[in-house]
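> Show me the folded form of this:
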Amino acid sequence: MRMRFSFLFLSTLVVLAVAGCSSTKDAENAQTEESVEVLYNRGAKELDEGNYAQAAKDFEEVERQHPYSQWATRAQLMAAYASYQGQSYDEAILALDRFIELHPGSEDIEYAHYLKALCYYDQISDVARDQTTTQEALDAFDSLIRRFPDSEYTRAARLKRDLTLDHLAGKEMEIGRYYLNRGHVNAAINRFRTVIEKYQTTTHTPEALHRLVEAYLTLGLSDEATKVAAVLGYNYPGSEWYERSYDLLDPVQRQKIVDERGFVDRTVETLFKPD
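Here you go, the predicted structure:
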């Protein structure tokens, strides 16, 4: 929107200049245009000094005044980086989307994708709030990993992706506990199953299994509770969540866990598959 406004403003100046003399037009152009070096170095200086909004403007001016220079493409990315550093994430994402669309073959394209993912990642809020941005961060990391599996940024992206998954699982757990505590047991079960099926590599899986044991016992589904407890004991035998589940079971159910763990597949992946 800012670029469009600048264009319209400049067009108005041109119309006004036609009514005047050409020397006035030349003088105005001389006053407004600056060299690539001046603009780029000024942007870099503002960036170093933490004046991120001004730095972004200076880098945008490089492209506006010198769109065909070798520095114009780099200035686009630097403007996005300055906006990111200034926590102007929406502006940074717009700039990065434009860079990615215009320069898919750039040597900096991998970094552009990574920086876009960071714009979402740095906005992740606590699990009590809406997790739309968390999902967008996950999608952006997945896109980077899928397109550039050997990129130098992919390792960092994978680590942050794992943290993002953990956050999404934490949100599901919070909602599931809320439902369980208020007697909406079936709704709670759906949330805990989501954690186990979609986010089983996260730290929330042991608790999700335990909460399922609680929920099934609340509904009187002792066989289902025993099955889940067996999976919990098989995969997390020393966890506090297994101890809690074990304490909830009666002696017959406990014996079933001991008997079944020796010969039944109790991996998390097969928990909800039909027998």
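> which residue is nearest the middle of the protein?
Among the residues of the chain, residue 137 comes closest to the average C-alpha position under C-alpha atoms, centre = their mean, at 1.2 Å.
> Give me the nearest residue to residue 233, chain neighbours excluded.
Taking C-beta to C-beta, 6 or more residues apart in numbering, and ignoring the residues beside it in sequence, residue 233 has residue 242 as its nearest neighbour in space, at 5.0 Å. Where you see a C-beta, it was placed from the backbone N, CA and C, and this is true even at glycine.
> Just want to check the distance between the one you found and residue 230.
10 Å (C-beta to C-beta, to the nearest Å).
> Kindly report the same for residue 83.
Taking C-beta to C-beta, one finds residue 83 at 52 Å from residue 230.
> now do residue 65
From residue 65 over to residue 230 (counting by C-beta to C-beta), the distance is 69 Å.
> same thing with residue 46?
Residue 46 is 62 Å from residue 230, by C-beta to C-beta.
> The two: who's more crowded?
residue 230 (24 against 19; other C-beta atoms under 10 Å).
> Centre of the chain to the biggest helix by length in the chain, how far?
Secondary structure of the chain per DSSP state H: the longest helix is helix 154-181. Put simply, helix 154-181 sits 11 Å off its chain's centre (C-alpha atoms, centre = their mean, to the nearest Å).
> just to revisit the earlier point, ignoring the adjacent residues along the chain, who's closest to the residue nearest to the centre of the chain?
residue 120 (3.7 Å).
> Helix or strand: which one has the one you found?
Element membership for residue 120 (DSSP states H and E) is helix 109-121.
> quick one: contacts of that helix?
Applying C-beta atoms under 8 Å, 6 or more residues apart in numbering, the contact partners of helix 109-121 are 77, 80-81, 84, 89, 92-93, 96-97, 99-100, 103, 106, 133-134, 136-137, 140-141, 143-144, 147-148, 151-153, 156-157, 160, 164.
> Could you identify the buried members of the residues you listed?
Among the contacts of helix 109-121, those classed as buried by neighbour count (16 or more other C-beta atoms under 10 Å) are 77, 80-81, 84, 89, 92-93, 96, 99-100, 103, 106, 133-134, 136-137, 140-141, 144, 148, 151, 153, 157, 160, 164.
> Specify the local secondary structure of the residue nearest to residue 233.
helix (DSSP: H, G, I helix; E, B strand; the rest coil).
> Now for it, how many residues are close by?
Residue 242: 23 neighbours (other C-beta under 10 Å).
> I figured it was touching residue 236, is that so?
Yes - taking C-beta atoms under 8 Å as the definition, residue 242 is a contact partner of residue 236 at 5.4 Å.
> what is in contact with those two at once?
Common neighbours of residue 242 and residue 236 (C-beta under 8 Å, 6+ apart) are residue 206.
> how about low-confidence regions in the protein?
1-32, 128, 259-267, 269-270, 272-275 (pLDDT under 70).
> Residue 130 - how many residues pack around it?
Neighbours of residue 130 (other C-beta under 10 Å): 9.
> For it, list the residues it contacts.
Contacts of residue 130 by C-beta under 8 Å, 6+ apart: none found.
> quick one: it from residue 136, how far?
11 Å.
> for residue 257, same thing?
41 Å.
> Over to residue 248?
39 Å.
> Look up how far residue 188 lies from residue 72.
Taken as C-beta to C-beta, the span from residue 72 to residue 188 is 55 Å.
> quick one, which of these two is more surrounded?
Using other C-beta under 10 Å, the more surrounded residue of residue 72 and residue 188 is residue 188, with 23 against 17.
> and that one, how far is that from residue 178?
8 Å.
> For burial, what's the neighbour tally of the residue nearest to residue 137?
Neighbours of residue 120 (other C-beta under 10 Å): 21.
> before we move on, what about residue 206?
18.
> For the host helix or strand of it, which helices and strands make contact with it?
For residue 206, the host element (DSSP H and E) is helix 205-218. When contacts are defined as 3 or more C-beta pairs under 8 Å, 6 or more residues apart in numbering; DSSP states H and E, helix 205-218 packs onto helix 154-181, helix 185-198, helix 222-235, helix 240-248.
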